[in-house]
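Novice: generate coordinates for the sequence data below:
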Amino acid sequence: MELLLLITICLLTGQTLGNDPVKMILKARDQDVLLSCSFRGDLRDKNVTWNKDGKDIYVFGNKKVEPSLVDEQFRDRISHFQDGLQSGNASIKITNAKISDVGIYSCLFFDKGFQRGLWKIDLTAGYVEIREDEDAILPCHYGIDLTHTKFDWKKNRTDIFLYDNTGVINSTDEQFKGRVSYFPDELRSGNASIKIKEAKRLDSGIYTCMRINQGGQKESELHIELVVVACQKPNIRTTKVKDGVQVNCTARGVSLKSKMELKNRTGGTVYAKDPIGDDITLLTLVTKEDHYYCVLTQEDICVNKTESIFVPSGAGYFLVPSSLLVFSLSLSLGF
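Specialist: Numbering: from 1, shown residues only. The predicted structure is shown next:
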């Protein structure tokens, strides 16, 4: 799989870097992520530790990986570059990255038991895509203890959640009232994420997580897009034309990972079309006598069929009752 995320390698000289991590954005689910880290010198007989939010997730050194120190969340999905150790390359690759992988990563280099360098990376999600009526977790992580720090969540200019050390102030906006919560047990590790209960398509949009100092000034902010996708049913229309029957399959409000297909009675694909924006339209001409129907596949969400139409060899055609053929198959998202 193509590596879609890349950070410029930084050469460390034995000094610990500042507290501000380099920021990376996870732009798509299931992409491979390269977390780059390089130290000056040969690492083949040294020890390198990667941790996430203060917890060790991957340790390698003395030419081998310590299996017991590979975190279960990343098992079989994380690796380093053995051939690059001689030149100081301590980078790792995470395959099929998930929303749960976002957080603060640290690359630590140890020589003779002493820490010689530190490199921090803040992996944030640029999007969250879920099915309608599922709970949406919007990730936001800072590299500090947030127990006594104020942070604010907004959608556009509307406050939907505010936390400070005097208590939690939830949104009074009717759309979010009673539906937004946070993770109090994870504040010490810098987790300012929130959960929106039973997300609706109306909840889709750009959200902002802001950290606010004691003077009430914004110190930093993170942006994330929430995409709530509903299981859409396609529509089918037919028009008799001179050379046959024109079939039009349409659906609105679909995800980009959708596909519309026109199929015949045996399930063979006659024509297929990908979406443009949030809509998808398939328009084609059929001349062969057969039963035809439209199939909308929304990846990880559902598959929906339309009613079948019968195109005879003559001029006429008719619709088979949709109640006989319409079905919906829900699929798992896999996060």
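
Novice: and stretch 73-89, how far apart are its ends?
Specialist: Length of stretch 73-89, first residue to last, Cα to Cα, to the nearest Å: 23 Å.

Novice: need the residues that contact that stretch.
Specialist: 9, 11, 37-44, 48, 57-58, 60, 63, 65, 70, 90-96, 100-101 (Cβ atoms under 8 Å, 6 or more residues apart in numbering). Glycine gets a C-beta too; all of them are placed from N, C-alpha and C.

Novice: ok, for residue 70, nearest residue in space, not its chain neighbours?
Specialist: residue 58 (5.8 Å; Cβ to Cβ, 6 or more residues apart in numbering).

Novice: how about residue 264?
Specialist: Nearest non-adjacent residue to residue 264 (Cβ to Cβ, 6+ apart): residue 290, at 4.7 Å.

Novice: and for residue 180?
Specialist: Here the residue nearest residue 180, using Cβ to Cβ, 6+ apart, is residue 161, at 4.7 Å.

Novice: now residue 278
Specialist: Nearest non-adjacent residue to residue 278 (Cβ to Cβ, 6+ apart): residue 253, at 5.5 Å.

Novice: show me the chain divided up by domain.
Specialist: 3-124, 126-229, 235-330 (automatic domain parsing).

Novice: let me see the mean pLDDT of the last one.
Specialist: It stands for domain 235-330. Mean pLDDT, domain 235-330: 76.

Novice: what do you get for stretch 176-187?
Specialist: For stretch 176-187, the mean per-residue pLDDT is 90.

Novice: cool, and stretch 52-68?
Specialist: Stretch 52-68 comes out at a mean pLDDT of 79.

Novice: again with stretch 96-108
Specialist: 85.

Novice: go through it and flag the buried ones.
Specialist: 97, 98, 99, 101, 102, 103, 104, 105, 106, 107, 108 (16 or more other Cβ atoms under 10 Å).

Novice: how about residue 108, secondary structure?
Specialist: Recorded secondary structure, residue 108: strand (DSSP: H, G, I helix; E, B strand; the rest coil).

Novice: isn't it right up against residue 49?
Specialist: Yes. Taking Cβ atoms under 8 Å as the definition, residue 108 is a contact partner of residue 49 at 4.6 Å.

Novice: I figured residue 25 hits residue 125, correct?
Specialist: Yes. The pair residue 25 and residue 125 passes the contact test of Cβ under 8 Å, sitting 7.4 Å apart.

Novice: more neighbours, the two?
Specialist: residue 125 (25 against 15; other Cβ atoms under 10 Å).

Novice: quickly note the distance from the more buried one to residue 291.
Specialist: Separation of residue 125 from residue 291 (Cβ to Cβ, to the nearest Å): 44 Å.

Novice: next one: residue 151
Specialist: For residue 151 relative to residue 291 (Cβ to Cβ), the value is 57 Å.

Novice: repeat for residue 311
Specialist: Noted for residue 311: a distance of 8 Å to residue 291, by Cβ to Cβ.

Novice: quick one, which of the two is more surrounded?
Specialist: residue 311 (21 against 14).

Novice: A strand includes residue 137, no?
Specialist: Yes. Counting by three-state DSSP, residue 137 is found in a strand.

Novice: correct me if wrong: it contacts residue 192.
Specialist: No. Look at residue 137 against residue 192 with Cβ under 8 Å: they stay out of range, at 11.8 Å.

Novice: more neighbours: these two, which one.
Specialist: Shown here are residue 137 and residue 192; by other Cβ under 10 Å, residue 192 has more neighbours (24 against 19).

Novice: now the residue nearest to residue 180, what's its secondary structure?
Specialist: Applying three-state DSSP: residue 161 is strand.

Novice: who are the contact partners of it?
Specialist: 152, 153, 168, 169, 170, 171, 176, 180, 182, 194.

Novice: show the pLDDT at it.
Specialist: At residue 161, pLDDT is 90.

Novice: does it have beta-bridge partners, and which?
Specialist: residue 153, residue 170 (DSSP bridges).

Novice: just to confirm, which helix or strand has the residue nearest to residue 70 in it?
Specialist: strand 55-61 (DSSP states H and E).

Novice: residues touching that strand, excluding its own?
Specialist: 43, 45-51, 65-66, 69-71, 73-74, 78, 80, 92, 110.

Novice: just the buried residues from the residues you listed, in ChimeraX please.
Specialist: This is the ChimeraX syntax for the buried subset of the contacts of strand 55-61, where burial follows 16+ other Cβ under 10 Å:
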select :43,46,47,48,49,50,51,70,71,74,78,80,92
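
Novice: residues in contact with the nearest residue to residue 291 once chain neighbours are set aside?
Specialist: Take residue 291 and drop its neighbours on the chain: the residue closest to it by Cβ to Cβ, 6+ apart is residue 265, 4.0 Å away. Residues in contact with residue 265 (Cβ under 8 Å, 6+ apart) are 290, 291, 292, 308.
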